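Engineer: Generate a structure from the sequence data that follows.
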Amino acid sequence: MIEKPTLLLLPNLLGAHRYHQPFLPASVDKAVSTLDGLIAESEQAGRRYLSRFETKKPANQIPIALYNEHTKDSDIDFLLEPIKKGERWGLISDAGIPCMADPGSKLVQRARLSGVAIQAFVGPSSLLLALMQSGLPGQKFFFHGYLSKESDQRQKEIQEMEKRSKTENITQIFIETPYRNQQMVEALVETLKEETWLCAAWELTMPEQGILSQPVRLWKKSPLPNLEKKNAIFLFNANPY
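Structural biologist: Residues are numbered from 1 along each chain as shown. Below is the predicted model of the structure:
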């Protein structure tokens, strides 16, 4: 059976688990076994990913092309050339699913314009896992990526997000770099109104996973969790129910 030339959007783990089977479906194992090459954010991440699976040839012989925030738009067509010539290549993010909070969406858009076949596979997403466990409404939510680094601007953004959440019942979702997580949770508790529900979820799927979701007035009555250097995601809703 000849496999169709395709760009495969493959899920990755959210942490350094020893085994991938509890988190990734068997369809991913089958897909990786057909790969001629892999597009990853870094060589190291790509090799680590391939080493988890059985591959059509030794994993260290499978070519890896880099696509990250430093890749020029003019280089995207070059990345798609092997697929246009009949090969099957995968696209991964460093963690979770590709095209969510990473630059992969541009590659997929170009692939669609070029007529390249695309297939996506299910896997862990920190955004959805956090939303599911937060207890906040999931009918309408907005993912903002990163907020401003500047404290004054960040405060204004949080206040604007809270106003919109109140009037439209939107659950607001965003992330921060691990070394600024503590500043973020402190800013949220200080800025948000006491009746707003705030959720912080960290190290999802890992043994040290933690989730705290409650009104801000309760956040203020207890010690804040230590989120320093942890992978975390933040959610809040000013009008949860």
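Engineer: which residues touch Pro103?
Structural biologist: For Pro103, the contacting residues are Tyr67, Asn68, Glu69, Thr71, by Cβ atoms under 8 Å, 6 or more residues apart in numbering. (C-beta placed from N, C-alpha, C; glycine too.)
Engineer: swap in Leu38?
Structural biologist: Gly46, Tyr49, Leu50, Ile62, Pro63, Ile64, Ala65, Trp89, Gly90, Leu91, Ile92.
Engineer: Just the ones of those in strands?
Structural biologist: Ile64, Ala65, Trp89, Gly90, Leu91 (DSSP state E).
Engineer: can I get those in a markdown table with distance to Glu186?
Structural biologist: Formatted as a markdown table, those follow (distance: Cβ to Cβ, whole Å):
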| residue | distance to Glu186 |
| --- | --- |
| Ile64 | 40 |
| Ala65 | 40 |
| Trp89 | 43 |
| Gly90 | 40 |
| Leu91 | 36 |
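Engineer: For this protein, which segments count as strands?
Structural biologist: Going by DSSP E, the chain shows strands at 6-9, 37-40, 64-66, 88-91, 118-120, 141-146, 171-175, 197-202, 210-215, 232-237.
Engineer: any chance of the contacts of Leu38 in CSV, plus pLDDT and distance to Leu129?
Structural biologist: Below are the contacts of Leu38 laid out as CSV (pLDDT from 0 to 100; distance: Cβ to Cβ, whole Å):
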residue, pLDDT, distance to Leu129
Gly46, 96, 24
Tyr49, 97, 20
Leu50, 97, 25
Ile62, 97, 29
Pro63, 97, 32
Ile64, 97, 27
Ala65, 96, 29
Trp89, 98, 27
Gly90, 98, 22
Leu91, 98, 21
Ile92, 97, 18
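Engineer: buried sites along the lengthiest helix in the chain?
Structural biologist: For the chain, the longest helix by residue count, based on DSSP state H, is helix 151-168. Across helix 151-168, burial judged by 16 or more other Cβ atoms under 10 Å covers Arg154, Gln155, Glu157, Ile158, Met161, Glu162, Ser165.
Engineer: tell me the contacts of the third one?
Structural biologist: Translated: Glu157. For Glu157, the contact set (Cβ under 8 Å, 6+ apart) comprises His144, Leu147, Ser148.
Engineer: how close does the first one get to Ala40?
Structural biologist: Meaning His144. Remark: distance between His144 and Ala40 (Cβ to Cβ, to the nearest Å) = 25 Å.
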